[in-house]
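K.L.:
got a predicted structure plus its sequence, pasted below:
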Amino acid sequence: MRSIIHIPSFVVNTCHAFLLICLLLIFTDFIPSFNNAENSLLCSSCFAIIEKYPDSASVRIFSVKKVTELHIKSGEKFQFTVKNKEQSASDLDIRQAPGNRTKLLLKSHSGVFEIDSLVIIKFKAPASLTVNSGTIKNTAGILIVRNTGEQLLLINKVKFEDYIAGVVSGEIPGGSGEVLAAQAVVSRSFSLANLGRHKNEGFDFCDSTHCQYFRGYAGNEPAYAAAVKTSREVLFAEGRVVESFYHSNCGGFTSNEEDVLGQFSPGITSVMDRIPHHSSDLCKNSVHYRWKTTIPESRIAGILNKEKITMTTGALKNLRITGKDRGGRIIKIRIEGTEGYREMSGYDFWQMLGSHLGWGEVESASFIVIKKNNSYVFEGKGLGHGMGMCQTGAIELGRLRWNYRKILKHYFPKADIRRL
């Protein structure tokens, strides 16, 4: 039972004032007057904490690249501020200033400017970003560029539903119609359950699969229509938004979160990826449904010797699976060595191999492993962690004309769709 605590009126008034300031900073054009990126992003993070449903999301884009050069091009002029004077351009180059790695060098039709480490750009229309003369991403909203001394840090503040559309476009590019709508609900639920994951770094999400792959502004794509169609809809179970995981291919069964991550989450439950009157698993028509790979014993031993949890086991003798869930995904695996053994979760073992070998070598933790001569042969099922929605199966259900609500009920039978 919760105790009732009297809060003095001056504290209440202070909280109200703080809330009002945050909202004013978000919904007005005051942002460019901040002197550093941390301050300009603070209100976005504070808003996500204060409000139940966010209006916007701040995303670090090109997060897996070391950005040293940025080119911005738009069909309409955008605004940026240089020495307290607002400039406009439709074409802008930004890079670290030569000889001074703490400053930025900006070049546009208006001239060349050398400024302190931060510039904030406001877009009236979508713009194209090119980094390091190669990778391209479309953007909208507000872009904050900061020179860290080592690289350019790019933070894109976008409308929350635009963020969801960009994630849907990136995470399931082969989907259409109802499948995209299902992905939108799942991605929105996951985003809300993990809002502010990077708040200590000054933004809500990164654009990599560590959070969700954000492809950028998707205003003219089917993914945007899917986000609009399902606006504010989330998966709900046991009084809260479900952290609705998804993956590429389950191999025939999805898994309980407690079997994979060792923790319970409402709404995430194991299901067989098959429906009545359908002769095979929904995700069968994929190269990832079944796979096989052979890895030299020396490569695995080298990985184990680099990891703290396994480096004390001595020379590798065997890999022994000691627990599986009903679909065959490994719960526990034992690494046996000349000086003892270590037991770890199948998920952690799979992550460990992936971080060293690349994520395409051992595609999931659903496998059998056989020692053959001086190698280990892995025969497995599916691609990804196996929790929540199987994207390959969802695409098949879409082909069978299931609507997005029915697709989601198949993969999340204990959850309901609610509009916040």
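P.N.:
Received, thanks. Note that this is a predicted model, so its numbers are computed, not measured.
K.L.:
use CA for all of it now, contacts and neighbours both
P.N.:
Will do.
K.L.:
need the contact list for E379.
P.N.:
290-293, 367-369 (CA atoms under 8 Å, 6 or more residues apart in numbering).
K.L.:
which non-adjacent residue is nearest it?
P.N.:
K292 (4.4 Å; CA to CA, 6 or more residues apart in numbering).
K.L.:
now the strand or helix carrying that neighbour: buried residues?
P.N.:
Secondary structure from DSSP states H and E places K292 in strand 290-296. Under the neighbour-count criterion of 16 or more other CA atoms under 10 Å, strand 290-296 has 290-292, 294-295 buried.
K.L.:
the strands in the stretch 301-420 of the chain, which residues?
P.N.:
Using DSSP state E, counting those that start in this stretch, the strands of the stretch 301-420 of the chain run over 316-324, 330-337, 340-345, 367-372, 375-381, 389-390, 416-419.
K.L.:
out of the ones you listed, which one sits most buried?
P.N.:
Across these, averaging neighbours per residue (mean count of other CA atoms under 10 Å) puts strand 389-390 on top, at a mean of 28.
K.L.:
can you list contacts of the strand holding K292?
P.N.:
The contact list for strand 290-296 (CA under 8 Å, 6+ apart) reads 251, 361-363, 374-382.
K.L.:
what inclination does that strand have with respect to strand 375-381?
P.N.:
Interaxial angle of strand 290-296 relative to strand 375-381 (axes from the mean of the first three to the mean of the last three CA atoms, to 10 degrees): 160 degrees.
K.L.:
and strand 290-296, how far out from the chain's middle?
P.N.:
27 Å (CA atoms, centre = their mean, to the nearest Å).
K.L.:
okay, now the sheet partners of it, with direction.
P.N.:
Using DSSP bridges, strand 290-296 pairs in its sheet with strand 375-381 (antiparallel).
K.L.:
quick check: mean pLDDT across the partner strand?
P.N.:
Across strand 375-381, pLDDT averages out at 98.
K.L.:
S248 contacts L383, doesn't it?
P.N.:
Yes. Counting by CA atoms under 8 Å, L383 is a contact partner of S248 at 5.5 Å.
K.L.:
of those two, who's got more company?
P.N.:
Neighbour totals were compared for S248 and L383, and L383 leads with 26 against 22 (other CA atoms under 10 Å).
K.L.:
beta partners for that one?
P.N.:
N249.
K.L.:
residue contacts, it?
P.N.:
Per CA under 8 Å, 6+ apart, neighbours of L383: 247-251, 288-289, 363-364.
K.L.:
list the contacts of the closest residue to R95 other than its chain neighbours.
P.N.:
Nearest residue to R95 in three dimensions, chain neighbours excluded: E69, at 4.7 Å (CA to CA, 6+ apart). E69 sits next to 93-96, 131-133, 152 when contact means CA under 8 Å, 6+ apart.
K.L.:
now distance to L353 too, for the strands of the stretch 301-420 of the chain, in a markdown table please.
P.N.:
Shown next, in a markdown table, are these (distance: least, CA to CA, whole Å):
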| stretch | distance to L353 |
| --- | --- |
| strand 316-324 | 13 |
| strand 330-337 | 13 |
| strand 340-345 | 12 |
| strand 367-372 | 13 |
| strand 375-381 | 12 |
| strand 389-390 | 22 |
| strand 416-419 | 36 |
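K.L.:
of those, give the one that comes closest to R101.
P.N.:
Judged by CA to CA, the one of the strands of the stretch 301-420 of the chain that comes nearest to R101 is strand 340-345, at 44.0 Å.
K.L.:
tell me what the closest one is packed against?
P.N.:
Contacts defined by 3 or more CA pairs under 8 Å, 6 or more residues apart in numbering; DSSP states H and E place strand 340-345 against strand 330-337.
K.L.:
the strand it packs on versus strand 316-324: what angle between them?
P.N.:
160 degrees.
K.L.:
can you give me the angle strand 330-337 makes with strand 340-345?
P.N.:
Strand 330-337 runs at 160 degrees relative to strand 340-345, counting by the same axes, to 10 degrees.
K.L.:
not counting its own residues, what contacts strand 330-337?
P.N.:
259-260, 310, 313-325, 341-347, 349, 365-367.
K.L.:
and the protein, what are its domains?
P.N.:
Here the domain assignment for the chain is 10-55, 58-222, 232-285+385-419, 290-381, based on automatic domain parsing.
K.L.:
which stretch in those has the least confidence?
P.N.:
domain 10-55 (a mean of 39).
K.L.:
so who does F253 touch?
P.N.:
270-273, 327, 386 are the contacts of F253 under CA under 8 Å, 6+ apart.
K.L.:
please apply the same query to N403.
P.N.:
Contacts for N403 (CA under 8 Å, 6+ apart) come out as 178-179.
K.L.:
got the phi/psi numbers for it?
P.N.:
With angles defined as degrees, to the nearest 10, N403 sits at phi -80, psi 170.
K.L.:
distance of it from H410?
P.N.:
11 Å (CA to CA, to the nearest Å).
K.L.:
top of the contacts of L383 by neighbour count?
P.N.:
Counting by other CA under 10 Å, top hit in the contacts of L383: C250 with 35 neighbours.
K.L.:
surely that residue meets A394?
P.N.:
No. Taking contacts as CA under 8 Å, C250 lies outside contact range of A394: 10.8 Å.
K.L.:
picking up where we left off before, turn the buried residues of strand 290-296 into a markdown table, columns for distance to F205.
P.N.:
Listed next are those as a markdown table, based on distance: CA to CA, whole Å:
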| residue | distance to F205 |
| --- | --- |
| R290 | 32 |
| W291 | 32 |
| K292 | 34 |
| T294 | 36 |
| I295 | 34 |
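K.L.:
closest to R146 among those?
P.N.:
When those are ranked by distance to R146 (CA to CA), I295 comes first, at 42.5 Å.
K.L.:
now the helices for the stretch 151-300 of the chain?
P.N.:
160-171, 177-193, 222-229, 257-260, 297-306 (DSSP state H, counting those that start in this stretch).
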